Structure formats: structure tokens, C-alpha cells
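>>> When you get a sec, could you give me coordinates for this:
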Amino acid sequence: MSDNKLELNVQGTAATIISETKLHKRFISVWNRKTRFDDGREIEWDVVGHDTPYPTFVTVFTFNSKKKTTCILKEFAQGTNEVKYTCVAGSYDRRKHKSSLESAEHELSEEARLKGGKWINLLPEDQPDGISELKWGINRFVPYLCIDPEQDPEPLARDNEEYMEVVNDVPIHDFKRFITLGQVMLPSVQTTWMALEYLSAHGFL
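Have a look, this model is predicted:
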């Protein structure tokens, strides 16, 4: 590889999984996973995530093409016990959803009280299972862009444990500032970046 070029292809398996045992399951599961690297080292890890097929969840960045704004959420983050900004996000449950797109549509109604719009799947073609959420997690997600959704007069019900506030008409420069200040959850940061790249490339920004 040339010193002045970045290698784009980072897909692939870095280690062999020797064994895996589930230790805990509730909202998320925890596994003890043992792997072997090519150099012979064997390591045991704590791996966490949802015990479901890939992709695990969806994220949605909304964009109002007239106002050049987005709709985001203030949502309780139970791990750090604080409120963070997020895009719409939720699980892709095969018992309720026919596709990841239907999951995204449902989450947009439940969380942001919006529906309709033009939908763009931002997932790269070489990552059909979704984008990795965390280094030590198994969850993968599909990022969506929804252009010009409208208010949903009959939104779907939220899950009982969800604690959030809808923030409408957020200027893009303000949301970028929230990201710079570390106030936005990482899957939402990834989704925002990809959405803004799409919008810029297609003349929306």
C-alpha cells in the first residue's frame, strides 16, 4: 500500500472464533467469546448485543428540504445516566417488521411523530449486514435518510421504557455543533455524516 493512499477494503475476519457461551440476556445479551489470532494467541472477550439476526437496528436522519433543518430527539441514555441527542433509532424486529425499511418507518412514527417522505438507504453495498455499532458489540445497523416527512396525526405508540423529547426544525449547523460538543450518540453521528454527504452530492445543501 502506498504511503499516501488509504486502504479502503477493511472487511474480513481477523480471528477465528473458537467458542462462545451466553452469560446473560435481558434487553441485551452478553457472551464469553474465545478467539484465536493468526499468530496463535487465544483471547477471551466480553461481547454484547441483541441476540437477533443482522441487521440489528435502524437509524433515521430526517431532512426538511425547504427549511434545511432536521428533527432530532433528546433521549435518556441508561448506560451513562444522562440525556443525549439522537436521530430516530430502533430495533429491526422480524416479528413486527417485514423489512428494515418498515422498521425505520415505524420508528419515525413512534419517536418523531412523522411519516412519509422520500427514503434513501445509506448502507454501503459491501456491508449488507449493516454497520458495526461498537468495537466490542455484535449489533449492526442500517442508516436511512428521510427527506420531507410530514406530521403523523396518529403516531404509533412508543415502548414503555422510552424517555424522549422531540426537537423539531434543528438547523444543520446547530446539529453539527452538538456533534462537535460530544452530545450526540455515535450511530447518529455516523448516520448524520452519511446523510449530509448524500444531500450535498445531490444538490440539497
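>>> any chance you could map the helices in this protein?
Secondary structure of the chain (DSSP state H): helices located at 100-107, 172-180, 186-201.
>>> now the ones you listed in TSV, with mean neighbour count, distance to residue 74 and mean pLDDT?
Just so you know, the C-beta spots here come from the backbone N, C-alpha and C atoms, and that holds for glycine as well. What follows is the helices of the chain, written out as TSV (neighbours: other CB atoms under 10 Å; distance: least, CB to CB, whole Å; pLDDT from 0 to 100):
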stretch	mean neighbour count	distance to residue 74	mean pLDDT
helix 100-107	21	16	97
helix 172-180	15	10	98
helix 186-201	18	12	98
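>>> how about the ones you listed, which one is nearest residue 21?
Relative to residue 21, the nearest member of those by CB to CB is helix 186-201, separated by 27.2 Å.
>>> just the angle between the closest one and helix 172-180, please?
Calculated by axes from the mean of the first three to the mean of the last three CA atoms, to 10 degrees, helix 186-201 forms an angle of 150 degrees with helix 172-180.
>>> Helix 186-201: how far from the chain's middle?
Distance of helix 186-201 from its chain centroid, counting by CA atoms, centre = their mean, to the nearest Å, is 11 Å.
>>> And for stretch 81-89?
Put simply, stretch 81-89 sits 11 Å off its chain's centre (CA atoms, centre = their mean).
>>> Report the outermost residue of this protein with respect to its centre.
In the chain, the residue that sits farthest from the middle, by CA atoms, centre = their mean, is residue 40; the gap is 34.1 Å.
>>> where does that one sit relative to residue 91, distance-wise?
When distance is defined by CB to CB, to the nearest Å, residue 40 is 38 Å away from residue 91.
>>> May I have stretch 77-87 exported as CSV, CA atoms only?
What follows is stretch 77-87, C-alpha atoms only, in CSV (Å, rounded to 0.1, in the frame of the first residue of the first chain):
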residue,chain,number,x,y,z
ALA,A,77,-29.1,7.1,27.8
GLN,A,78,-29.3,4.4,30.5
GLY,A,79,-25.6,3.5,30.4
THR,A,80,-24.3,6.9,31.3
ASN,A,81,-27.5,8.1,33.0
GLU,A,82,-27.8,11.3,31.0
VAL,A,83,-29.8,12.8,28.2
LYS,A,84,-28.2,12.8,24.7
TYR,A,85,-29.2,13.9,21.3
THR,A,86,-30.0,11.2,18.8
CYS,A,87,-31.5,10.6,15.4
